[in-house]
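> below is the structure, and that's it, no one-letter string:
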Ligand code: WQD
């Protein structure tokens with residue numbers, strides 16, 4: 001049985017990926033410092049799959065601790081690296097926190113892999129590396145634009161660090177550039193746990209639906225899009241999780257065409273904010289209280305993926321659509337206090 005280390009494995013995307021790894025028969029080791037998650041997510045994972053991952057509460061910013069971890073665990077076959085901070089707005093206010101959390105940790109993990117001769121690495125990247133791409137849908141060869149935030153910069157730098165490392169080592173790596181991950185596991189036992197006021201659209205929508213928030217502010221109604229609101233590619237987190245399994249299988253079976261590959265992971269369909277609201281109202285069965293306000297600083301007009309490469313090379317397709325994702329997000333929201 002192959003053993004996979006999942007850093008950030010108790011987080012939103014990490015926990016869903018652990019579930020899918022276990023479903024596929026992988027043994028899982030989780031590292032998570034609980035800075036953006038809670039330990040009961042571990043129990044929820046176990047209650048879904050009936051299998052207990054190994055869990056270590058370890059701060060990846062502590063180089064010594066990372067080295068100790070790799071000394072202790074020398075039978076890891078691959079690593080999926082989620083551990084990072086991901087709040088765009090916060091990254092603008094606290095850039096050094098983001099460069100520590102997202103870059104130092106990556107370097108320490110890569111060093112640990114080298115010492116243990118672990119050569120299969122999946123990196124959590126983001127469509128944010130493209131900024132506002134010039135052509136839709138976005139392909140993997142679209143150029144990086146100047147990052148809109150330190151968060152986005154850490155994803156661009158992270159990919160470059162990995163690429164440079166693959167050139168001088170036996171490391172084989174895949175960067176998955178996520179579009180907008182949404183939804184929750186069908187069991188409603190795991191999902192997105194925003195801390196404080198949600199920055200992302202879907203948690204704010206579901207909290208408004210649950211009357212936790214008074215009204216959703218739609219940031220901008222004057223974009224050059226069909227209905228004036230910004231367009232994104234909202235992908236169900238379970239489909240996204242499955243893309244990680246497909247990518248890891250590709251490396252474990254030595255099917256990669258290069259030592260560093262990137263894939264856009266989205267649905268290939270763009271949805272506007274108003275599309276999301278309409279779909280949510282259909283799912284929840286009641287109108288959503290919203291108002292259109294000024295644009296949010298730093299937002300782009302539209303982004304949706306060309307998924308041709310991922311479909312072909314990873315043999316992976318999305319199976320769930322926007323309404324499926326919103327239905328699971330709504331079911332999850334209703335379990336929260
Ligand atoms: C989506 C759309 C907003 C909130 C960011 C990161 C990306 C990834 C996902 C980490 C935009 C609009 C939002 C609200 C709104 N993060 N919106 N009212 O900005 O596309 O992507 O989060 O991996 O890397 O860049 O996602 O959910 O914040 O916004 O109208 O209260 O919803 O303007 O058009 P975004 P988002």
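That came through fine. This one's a predicted model, so the numbers in the text were calculated from it and none came from an experiment.

> find the nearest non-adjacent residue to residue 257, please.
residue 313 (7.6 Å; CB to CB, 6 or more residues apart in numbering). (C-beta placed from N, C-alpha, C; glycine too.)

> try residue 318
residue 239 is the one closest to residue 318 (CB to CB, 6+ apart), at 4.4 Å.

> ditto for residue 81
Excluding the flanking residues, the one nearest residue 81 by CB to CB, 6+ apart is residue 7, at 5.0 Å.

> that older thread, can you tell me the SS state at the residue nearest to residue 318?
helix (DSSP: H, G, I helix; E, B strand; the rest coil).

> measure it to the ligand for me?
15 Å (CB to the nearest ligand atom, to the nearest Å).

> mind listing what that residue touches?
267, 318, 319, 320 (CB atoms under 8 Å, 6 or more residues apart in numbering).

> partner residues bridging the closest residue to the last one other than its chain neighbours?
With CB to CB, 6+ apart as the measure, residue 236 is the residue that lies nearest to residue 320, at 3.9 Å, once sequence neighbours are left out. The residues listed as beta-bridge partners of residue 236 by DSSP bridges are residue 182.

> I figured residue 132 hits residue 299, correct?
No. Counting by CB atoms under 8 Å, residue 132 does not reach residue 299; the two are 9.3 Å apart.

> show me which of those two is the more surrounded one.
Comparing residue 132 with residue 299 by other CB atoms under 10 Å, the one with more neighbours is residue 299, at 14 against 11.

> how near is that one to residue 201?
Distance of residue 299 to residue 201, given as CB to CB, to the nearest Å: 11 Å.

> ditto for residue 110
Taking CB to CB, one finds residue 110 at 33 Å from residue 201.

> who's in contact with stretch 305-313?
Contacts to stretch 305-313, defined as CB under 8 Å, 6+ apart, come from residues 127, 137-140, 179, 233, 243, 250, 257, 261, 263-268, 316-318.

> flag every buried residue along the top helix by length along the chain.
In the chain, with assignment by DSSP state H, the single longest helix is helix 150-167. Using 16 or more other CB atoms under 10 Å as the test for burial, helix 150-167 gives 150-159, 161-163, 165-166.

> what lines up beside the very next helix or strand once past it in the sheet?
Following helix 150-167 in sequence order, the next helix or strand is strand 172-178 (DSSP states H and E). With DSSP bridges as the test, strand 172-178 is paired with strand 120-126 (parallel), strand 260-265 (parallel).

> wait, does the longest one contact the ligand?
In this case it means strand 120-126. Yes. Using CB under 6 Å from any ligand atom, strand 120-126 reaches the ligand at residue 126.

> and that strand, how far from the chain's centre?
Chain-centre distance of strand 120-126: 10 Å, with CA atoms, centre = their mean, to the nearest Å.

> could you check the angle it makes with helix 150-167?
If you take axes from the mean of the first three to the mean of the last three CA atoms, to 10 degrees, strand 120-126 sits at 160 degrees to helix 150-167.

> now strand 120-126: mean pLDDT?
Mean pLDDT, computed over strand 120-126, is 98.

> cool, and the shortest one?
For strand 260-265, the mean per-residue pLDDT is 98.

> and for stretch 226-241?
98.

> same question for stretch 82-91.
Stretch 82-91 carries an average pLDDT of 93.

> that stretch close to the ligand?
Yes. Stretch 82-91 is in contact with the ligand by CB under 6 Å from any ligand atom, via 86, 88.

> all the strands of the stretch 201-337 of the chain, in order from the start?
Assigned by DSSP state E, counting those that start in this stretch, the strands in the stretch 201-337 of the chain fall at 216-219, 231-232, 234-236, 260-265, 271-272, 290-293.

> point out the residues in the stretch 151-300 of the chain that sit beside the ligand.
So far as CB under 6 Å from any ligand atom goes, the stretch 151-300 of the chain lies against the ligand at 178, 180, 199-201, 204, 216-219, 230, 232, 273, 296, 299.

> I appreciate the help and will end here.
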